[in-house]
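Peer 1: return atomic coordinates for the entry below.
(2 chains)
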Amino acid sequence: MNWALANRDLLVELTWQHVWVSAVCILLGFALALPVGWFAYAANRSPRRPMRQLSGGVLSIGSILYTIPSLPLLVILPSLLGLPWLSVLSIVIALTVYAFAIMVRSVADALRSVPPMVLDSATACGYSRTQRALTVTLPLAGPVMLASLRVVSVSTVSLLSIGALTGVRNLGSLFTNGYNRDFTTEIATGIVLTVIVALVFDAIIVASGRLLMPWSRVVRAGGGE
Amino acid sequence: MSLINDTVAWLTDSAQWSGGSGIPWRVAQHLGYTTITVLAASVVAVPLGLYVGHTGRWKNTAVLVTGALRALPTLGLITLIVLLTSVGLTPAIIALAVLCIPPLLAGIYSGLEAVDPATVDAARAQGMTETQVITRVELPLALPLIIGGLRSAVLQVIATATVAAFIGVGGLGRYIIDGLAVRDTPRVLGGAIIVVVLALLIDALFAVGQRLAFRHASPADSHPQLKEKTA
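Peer 2: Numbering: from 1, shown residues only, chains lettered A, B, ... in the order given. Modelled structure (predicted):
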């Protein structure tokens, strides 16, 4: 506790780094997964076989990307993109790839979970395709997407600390530094702060879900996955 | 593109393919750590998962604890456990095993939970004991989901064992951590590529295993004629 108080400035700086980088990755991953997942869902309903195969292909690429271990991806990306090792950009890209990889399948699953009868009723009521997508499909699929956004958020916050191994500054720096100095307090502080960041993010996601989708109790994350 | 040439040169250098820091030995070490870790985690996860999945008790606690364990940063947990105990392989394996419990446990209890209660009741009505219900009915039907849990557990250990090289254990992570320390880019990239290839290969093996288990668990879904009759 004394150590944490004495090093307040450092902890605030590292926590801030951790917060903004993981927030950017989570939001970017979701922003990319939504249209791609929607495309996979729509292509899967297409009467044309190549479109359905394309849909399966998009989803498989997602799961293959997720299979790539984090540290190797983190060191391969800068070389592929010609970035320096220490660049924050490469960890942002790596974690965005993971967030996208988890989200893309669950966006497609969430859209598929909307009962076809409801969609047909909307069409029968005279909704245009765009109206139906925005005011029927999206709101009904929302809670399932939110549940997987929570999973993405927790894993992004905890994965980001790996970046400390390539020298990117965030709460993970407390682990590498604490280990090198044989100082457990520093590591424990880092773990506690990481978990707090994850909890705060989770609370924000749940709260915004309640605000945006008051008609549905938030679907619980975890469980079956 | 000299970086690619250098990496290919590193990967194909015959010095890299023999001895105590050679690629075959590092791959064997990596797979060895993974096996020991998954076995150690199974000692906890299998009985616990069977209990929770079979009885349905403590389910909320299990969900909560596995969720909380996932939030713990890998690197933090590994460095903390090693500093609190001793530097060496055993503490590292313990840390890796702790992180490996959630996916294993989730696969087992959600697999058992997904078995149709009517099937379980029918097994009991036929006079099966609880042990028989678990081993002959629930486990075979839950197998695809259990293998799914094992698949994510194994892949996670392959990834975290790479990170564990930071605290001095062997395995493929050595190339990355040591290479980073001396800015030897071809070694870092070569090591990273081997880990990625290994992970993708093992994932593909599990995908095949899962498909076989699924066919075994629900033959109706893989035989259209049978499906028509039951539906």
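Peer 1: and the helices in chain B?
Peer 2: Counting by DSSP state H, chain B has helices at residues B:2-12, B:23-55, B:59-71, B:74-84, B:89-113, B:117-125, B:130-132, B:139-163, B:173-181, B:185-217, B:219-222, B:224-230.
Peer 1: could I get those as CSV with mean pLDDT, mean neighbour count and distance to A:Asp109?
Peer 2: Bear in mind the C-beta positions are built from the backbone N, C-alpha and C, glycine included. Compiled in CSV, the helices of chain B are given as follows (pLDDT from 0 to 100; neighbours: other C-beta atoms under 10 Å in any protein chain shown; distance: least, C-beta to C-beta, whole Å):
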stretch, mean pLDDT, mean neighbour count, distance to A:Asp109
helix B:2-12, 84, 14, 38
helix B:23-55, 92, 18, 23
helix B:59-71, 82, 17, 19
helix B:74-84, 89, 24, 27
helix B:89-113, 89, 23, 16
helix B:117-125, 91, 12, 24
helix B:130-132, 90, 11, 34
helix B:139-163, 90, 23, 15
helix B:173-181, 90, 21, 34
helix B:185-217, 89, 18, 18
helix B:219-222, 60, 12, 18
helix B:224-230, 41, 9, 22
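Peer 1: quick one: closest of those helices to A:Thr67.
Peer 2: Closest approach to A:Thr67 among those is made by helix B:185-217 (4.7 Å; C-beta to C-beta).
Peer 1: what's that closest one packed up against?
Peer 2: In terms of contacts (3 or more C-beta pairs under 8 Å, 6 or more residues apart in numbering or on different chains; DSSP states H and E), helix B:185-217 is packed against helix A:49-67, helix A:70-81, helix B:2-12, helix B:23-55, helix B:139-163, helix B:173-181, helix B:219-222.
Peer 1: distance to B:Glu113 for those helices - can I get that in a markdown table?
Peer 2: Shown next, in a markdown table, are these (distance: least, C-beta to C-beta, whole Å):
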| stretch | distance to B:Glu113 |
| --- | --- |
| helix A:49-67 | 23 |
| helix A:70-81 | 30 |
| helix B:2-12 | 45 |
| helix B:23-55 | 5 |
| helix B:139-163 | 8 |
| helix B:173-181 | 36 |
| helix B:219-222 | 19 |
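Peer 1: so which of the ones you listed gets nearest B:Leu80?
Peer 2: Nearest to B:Leu80, of those and by C-beta to C-beta, is helix B:139-163 at 13.6 Å.
Peer 1: quick one: distance of the closest one to the chain centre.
Peer 2: Centroid separation between helix B:139-163 and its chain, computed with C-alpha atoms, centre = their mean, to the nearest Å, is 4 Å.
Peer 1: for stretch A:84-97, same thing?
Peer 2: That offset, for stretch A:84-97, works out to 15 Å (C-alpha atoms, centre = their mean).
Peer 1: check which residues of the top helix by length along chain A are buried.
Peer 2: The single longest helix within chain A, with elements called by DSSP H, is helix A:8-44. Burial within helix A:8-44, assessed by neighbour count using 16 or more other C-beta atoms under 10 Å in any protein chain shown, is assigned to A:11, A:14-15, A:17-19, A:21-23, A:25-26, A:28-30, A:32-34, A:36-41, A:43-44.
Peer 1: so which of the helices and strands packed on helix B:185-217 is nearest A:Gly178?
Peer 2: Set against A:Gly178 and scored by C-beta to C-beta, those come closest in helix B:139-163, at 15.3 Å.
Peer 1: next, the angle helix B:117-125 makes with that closest one.
Peer 2: Helix B:139-163 runs at 120 degrees relative to helix B:117-125, counting by axes from the mean of the first three to the mean of the last three C-alpha atoms, to 10 degrees.
Peer 1: do helix B:139-163 and chain A meet at all?
Peer 2: Yes. Part of helix B:139-163 sits near chain A under the criterion C-beta under 8 Å from any C-beta of the partner chain, namely B:Leu155, B:Ile158, B:Ala159, B:Thr162, B:Val163.
Peer 1: which residues does the second one contact?
Peer 2: Applying C-beta atoms under 8 Å, 6 or more residues apart in numbering or on different chains, we find B:Ile158 in contact with A:Pro69, B:His30, B:Thr34, B:Val195, B:Leu198, B:Ala199, B:Ile202.
Peer 1: for the helix-or-strand element of chain A with minimal mean pLDDT, list the C-alpha coordinates in PDB.
Peer 2: Using mean pLDDT, DSSP states H and E, helix A:2-6 stands out as the lowest-scoring helix or strand of chain A, at a mean of 81. Taking Å, rounded to 0.1, in the frame of the first residue of the first chain, the C-alpha atoms of helix A:2-6 are listed here in PDB:
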ATOM      1  CA  ASN A   2       2.800   2.400   0.900                       C
ATOM      2  CA  TRP A   3       4.600   1.500  -2.300                       C
ATOM      3  CA  ALA A   4       1.500   2.100  -4.300                       C
ATOM      4  CA  LEU A   5       0.900   5.500  -2.700                       C
ATOM      5  CA  ALA A   6       4.500   6.500  -3.100                       C
END
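Peer 1: poorly predicted segments of chain A, please.
Peer 2: Counting by pLDDT under 70, chain A shows low-confidence ranges at A:1, A:215-225.
Peer 1: please repeat the previous calculation with a cut-off of 80.
Peer 2: Counting by pLDDT under 80, chain A contains low-confidence ranges at A:1, A:83-87, A:214-225.
Peer 1: now for A:Val107, how many residues are close by?
Peer 2: By the measure other C-beta atoms under 10 Å in any protein chain shown, the count of residues near A:Val107 is 27.
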